[in-house]
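Asker: Dropping the sequence and predicted coords here.
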Amino acid sequence: MHEMSITQGIIELCLEHAGSRRVRSLDVEIGELGSVVPEAIEFCFEACSRETLLEGALLTIIRIPGRGLCQECGKETPLAELYGSCEQCGSNRVVITAGEELRVREIEVDD
Ligand SMILES: [Zn+2]
């Protein structure tokens, strides 16, 4: 279950930023084209944050929809899957520009 190590990474990052302060909330961006399951992150967070400064913190997951830039017609296109095709011309030569995110956007700590 790779969500466990991803969640550990998120928690370590937050602890680093928080110093010794308690983390009240965190916003995590997860791209829809990635293989990460948000529900699994939520589940792991609950377990991994126990007895840390993140215990009880409010985790908000922000889904980032997939987008790509078509190399054929040069237009931006929404992508529903990793190897999706261009909505405009049907080409498969699409470079992904969004949807693979996995990052902490914001954390809120106690003063
Ligand atoms: Zn196209």
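Answerer: Happy to help now that I have it.
Asker: so what's the residue nearest to residue 79 when sequence neighbours are not counted up against?
Answerer: Excluding its sequence neighbours, the residue lying closest to residue 79 (C-beta to C-beta, 6 or more residues apart in numbering) is residue 66, at 3.5 Å. Just so you know, the C-beta spots here come from the backbone N, C-alpha and C atoms, and that holds for glycine as well. Residues near residue 66 by C-beta atoms under 8 Å, 6 or more residues apart in numbering: 31-33, 78-82, 84, 96, 98-99.
Asker: cool, and residue 75?
Answerer: 69, 86, 88-89.
Asker: Buried subset of these, written for PyMOL?
Answerer: To isolate the buried ones among the contacts of residue 75 in PyMOL, judged by 16 or more other C-beta atoms under 10 Å, type:
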select buried, resi 69+86
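Asker: Let's see which of the contacts of residue 75 end up in strands.
Answerer: Of those, the ones assigned to strands by DSSP state E are residue 69.
Asker: ok, which pair from the contacts of residue 75 is furthest apart?
Answerer: Comparing all pairs in those by C-beta to C-beta, the longest separation belongs to 69 and 89, at 12.4 Å.
Asker: mind listing the strands for this structure?
Answerer: Under DSSP E, the chain gives strands at 23-31, 58-64, 66-70, 76-79, 94-98, 102-109.
Asker: Any idea which of those gets closest to residue 45?
Answerer: The nearest among the strands of the chain, by C-beta to C-beta, is strand 58-64 at 5.1 Å.
Asker: how about that closest one: buried residues?
Answerer: Quick answer for strand 58-64 (16+ other C-beta under 10 Å): 59, 64.
Asker: What mean pLDDT does that strand get?
Answerer: Throughout strand 58-64, pLDDT has a mean value of 98.
Asker: Direction included, what does that strand pair against?
Answerer: strand 23-31 (parallel) (DSSP bridges).
Asker: Touching the partner strand from outside, list them.
Answerer: 10, 14-15, 36, 38, 41, 53-54, 57-64, 66, 98-110.
Asker: Thank you, goodbye.
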